[in-house]
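In: Kindly generate the corresponding structure for this input.
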Amino acid sequence: MSRTPPPGPGAARGAEAGPMLYTFDCRRADGSPVCFEAHELGSDARALALARRLLAEHLTCASVEVFDGERLVGAVSRERRLADTLLPDDGRTA
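Out: Next comes the predicted model:
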């Protein structure tokens, strides 16, 4: 008889589970902290959207890492956003 392990942090959760607590670690280019925030949100996609907004709002911020507990959800950075705007829509390199 095999047992299925319980889902870990960030695993798909039912609607009854409610929002998850995400943390946002905003850093300057030299790695020093700009701010640290925590928000309850309903999905990873919403957390990453908020990370992009934080990056836009904090002009000294070079990157934002998003965590759900110990799980790294993703990261956004000014360097990456700039690269996204420089690449043609068809994916060719600039």
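
In: My read is that V76 contacts A56, right?
Out: No - using CB atoms under 8 Å as the test, V76 is too far from A56 to be in contact (9.7 Å). C-beta here means a position set from N, CA and C on the backbone, and glycine is covered the same way.

In: More neighbours: which of those two?
Out: Ranked by neighbour count (other CB atoms under 10 Å), V76 and A56 place V76 first, with 23 against 12.

In: quick one: that one from R53, how far?
Out: Separation of V76 from R53 (CB to CB, to the nearest Å): 10 Å.

In: And for L21?
Out: Taken as CB to CB, the span from L21 to R53 is 18 Å.

In: Disregarding residues adjacent in the polypeptide, which is nearest to E40?
Out: Taking CB to CB, 6 or more residues apart in numbering, and ignoring the residues beside it in sequence, E40 has P19 as its nearest neighbour in space, at 4.0 Å.

In: swap in A75?
Out: Take A75 and drop its neighbours on the chain: the residue closest to it by CB to CB, 6+ apart is E65, 4.6 Å away.
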